[in-house]
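Chemist: return atomic coordinates for the entry below.
(one chain, ligands or ions: 1)
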Amino acid sequence: MSLSVMFWTIVMGAAAVAAWGIWSHRRRTPRYPRCGTVMVDVPRKWSRPVEIPSFTDPEVVYVVNPHRMTCTCEEFQRRRHAKWGSIDRMCDHIARALVQIGAVKHGLLTCILLNRSPRRCYHSVGRHLVFAFEPGDRWIDIYTYDDSEDGHRMGRFQRYGYHLDDQRWSRRKRPPNRDEVLRQIRRLFR
Ligand SMILES: [Zn+2]
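Modeler: The predicted structure is shown next:
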């Protein structure tokens, strides 16, 4: 075997090992937390109908019964079979009504209802951090303190986007407690 042939054999061998590494890394099944939901308990005293104007056409008004969690809009027809109290049952009007009448008070829950994630599954860590995700989707949503100067201190919340593989924040918005958030991401998502 000439020297040059040996060299190429080694280089190609190294390339094959690297390719195998990338391939097996890609193939590793991603892990997500257990798929939970957000539940809101709305007592019977909030049975009075609430009118919520359409977000797209101010001429249109929908009627929400907060306690029963019903709405006259079309979107609710698709959600009506979801469990009572769960966020899956809430169209945007129900979510808005619950916040408006004061049935929901905690800042984090208010933020989740008013900035709905398109992702179905929720996982909470304490009272200031909630992940929304869809198994298989590498973009996740994170609800935690807002990024204003005193958001952390005042207990104000907002929604962030994060990509698990690229390890980057959507629109460069990062929470003030990102070290803790990243630690939880490493623990919960693989
Ligand atoms: Zn509705």
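Chemist: and this protein, what are its domains?
Modeler: 39-105, 117-190 (automatic domain parsing).
Chemist: low-confidence ranges, the protein, go.
Modeler: Counting by pLDDT under 70, the ranges of the chain that qualify are 1-28.
Chemist: near the ion, which residues of it?
Modeler: Within the chain, the positions near the ion by CB under 5 Å from the ion are 62, 71, 73, 76, 91, 93. Glycine gets a C-beta too; all of them are placed from N, C-alpha and C.
Chemist: for these, pick the one with the most neighbours.
Modeler: Each of the residues of the chain next to the ion was scored for neighbours by other CB atoms under 10 Å, and residue 71 scores highest at 27 neighbours.
Chemist: pretty sure that one contacts residue 63?
Modeler: Yes: in this structure, residue 71 is within contact of residue 63 by CB atoms under 8 Å, at 7.2 Å.
Chemist: give me the nearest residue to residue 32, chain neighbours excluded.
Modeler: Nearest non-adjacent residue to residue 32, counting by CB to CB, 6 or more residues apart in numbering: residue 135, 4.6 Å away.
Chemist: kindly apply the preceding question to residue 127 instead.
Modeler: residue 108 (6.6 Å).
Chemist: surely that neighbour forms part of a strand?
Modeler: No: using DSSP: H, G, I helix; E, B strand; the rest coil, the assignment for residue 108 is helix, not a strand.
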